[in-house]
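**Q** Build me a structure from this.
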Amino acid sequence: MGSVLSVGALAFLTAIALIPWQSGSTALMAALLPVAGLHYWALRRPQLIPGIAVLFCGLTADIVSGGPPGFWVSLYAAAWLIGLMQRPWAARGWKIGRWGLFAVAVSSVALLAYALSYVLHRPLGSAEDVALAVVWLILIYPGLALVLRILDVDRPEEALRVEGY
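**A** Prediction:
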C-alpha cells in the first residue's frame with residue numbers, strides 16, 4: 001500500500017508541475033515540485049519509489065513541456081541520486097537538518113537545470129526566477145513533507161523514530 005501511495009503522490013506532484021503556470025518563477029517552482037517528493041522518499045524509504053517511476057515522471061514532463069528529450073529525466077534522476085547520497089546524514093539530523101539537506105538538493109538541481117537550459121539554448125527563465133523558485137520550494141517543503149509522511153501509512157517503527165516529519 002505504501003508504494004502505491006508514494007508513487008501516486010509523485011505522480012500527483014508531476015501533474016501539478018505540468019499545469020501551465022503564468023509567471024516564470026511560479027512555473028519553475030511547480031516544475032521542481034517532483035524534486036521535493038523524490039528527495040523525501042529517497043531520504044526515508046527509497047524502496048517505495050522504483051526507478052521506473054522516476055523515469056516516467058521525467059519523461060512525462062519532457063513530453064508535455066515540449067522540452068529537449070531527457071531534460072527533466074536528468075533533473076529528476078539527479079534529485080533522486082542526491083537524496084540517496086544524503087541518506088547517511090538524514091538519520092542523524094533533526095527535522096531542520098533534513099530541511100537543510102533538501103535546501104542543498106533543490107538548489108543543486110535548480111543550478112543544474114539552469115546550466116543545462118543555458119547549454120541547450122532553451123532558457124528556463126532568469127537567474128532571479130530560478131532563485132525565487134528555489135526559495136519558495138524550501139519554504140513550503142516542511143508542509144509538503146508532512147503530507148508525504150501522512151501518506152507513508154505502513155512505515156516500520158524504526159522509521160517513525162528516525163524520520164521526524
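**Q** Next, the residues that contact stretch 51-60 from outside, please.
**A** Here stretch 51-60 makes contact (CB atoms under 8 Å, 6 or more residues apart in numbering) with 7, 10-11, 14, 18, 34, 38, 70, 72-77, 80. (C-beta placed from N, C-alpha, C; glycine too.)
**Q** which residue sits closest to the most centrally placed residue in the chain, ignoring its sequence neighbours?
**A** Central residue of the chain (CA atoms, centre = their mean): V35, 1.1 Å from the mean position. In space, V35 comes closest to A79 once its chain neighbours are excluded; the distance is 4.2 Å by CB to CB, 6 or more residues apart in numbering.
**Q** how many neighbours does the one you found have?
**A** Other residues near A79 number 26, with proximity taken as other CB atoms under 10 Å.
**Q** ok, then the element right after the strand or helix carrying it?
**A** Take DSSP states H and E as the rule and A79 turns out to sit in helix 71-90. Beyond helix 71-90 on the C-terminal side, the first helix or strand identified by DSSP H and E is helix 95-119.
**Q** got the contact list for that next one?
**A** Helix 95-119 is contacted from outside by 28, 32, 35-36, 39-40, 43, 71, 74-75, 78-79, 82-83, 86, 89-90, 93, 123-124, 127, 130-131, 133-134, 137-138, 141-142, 145, 164-165, using CB under 8 Å, 6+ apart.
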